[in-house]
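**Q** The sequence and its predicted three-dimensional model are supplied below.
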Amino acid sequence: MKNLIFYLGLAFLFTHELDAMTNSEWLVLPLLNLLSDELGQRIFVLLHIPIFAVIIALIASDKVSVREKSRLGFSLFLTLHGVVHFAFMGHANYEFESALSNILIFGGAVCGSAYLGLWYSGRKKYAN
C-alpha cells in the first residue's frame, strides 16, 4: 500500500508539471519571473530534465538505503510543495485556480503526507 501511495504521489507531481505549463508557473518562481516570458518558459521546461532524471534515479536506486531515503525526501517535498502552492495563491501571477490544478497539487501533498505517516507508523511498529 505504501508503494502505491508513493507512486501515485509521483504521478500527481509529474502530471502537475504538465499542468504547470498551461498555468505559466515560471512567472511565479523567483529568478525565472525576472526573465522574458519565452525565456522563462524554456528554462522552466529544460530544468525539469535533470530534476526528473535525478528523482527517478534516486527513488529507483539499487541501494535500498538510497531508495528509502529518497522516497522519504520526495514525500516530504510533495507535502511542502502543497504548502508552498497554498502560500502562493495570493500572488498576482498565480494561475492554478481550476479544480484539476488543485487536485494535482494537493493530491500529491496528501500522498506525500500519507507515505510519511505510513513510514513512521511502520517504523514505530518494528521498534517495539
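**A** Everything's here; your move.

**Q** Can you tell me which helices and strands the helix or strand of the chain with the lowest mean pLDDT packs against?
**A** In the chain, the helix or strand scored least confidently by mean pLDDT, DSSP states H and E is helix 99-127, which has a mean of 91. On a contact count with 3 or more CB pairs under 8 Å, 6 or more residues apart in numbering; DSSP states H and E, helix 99-127 meets helix 2-22, helix 64-88. All C-beta spots, glycine's among them, are computed from the backbone N, C-alpha and C.

**Q** Which positions in it come out as buried?
**A** Neighbour-count burial for helix 99-127 flags 101-102, 104-116, 118-119 (criterion: 16 or more other CB atoms under 10 Å).

**Q** circling back: among the helices and strands packed on helix 99-127, which is nearest residue 33?
**A** If you check each of those against residue 33 by CB to CB, helix 64-88 wins as the nearest, at 11.2 Å.

**Q** ok now the closest one, how far from the chain's centre?
**A** Counting by CA atoms, centre = their mean, to the nearest Å, helix 64-88 is centred 7 Å from the centre of its parent chain.
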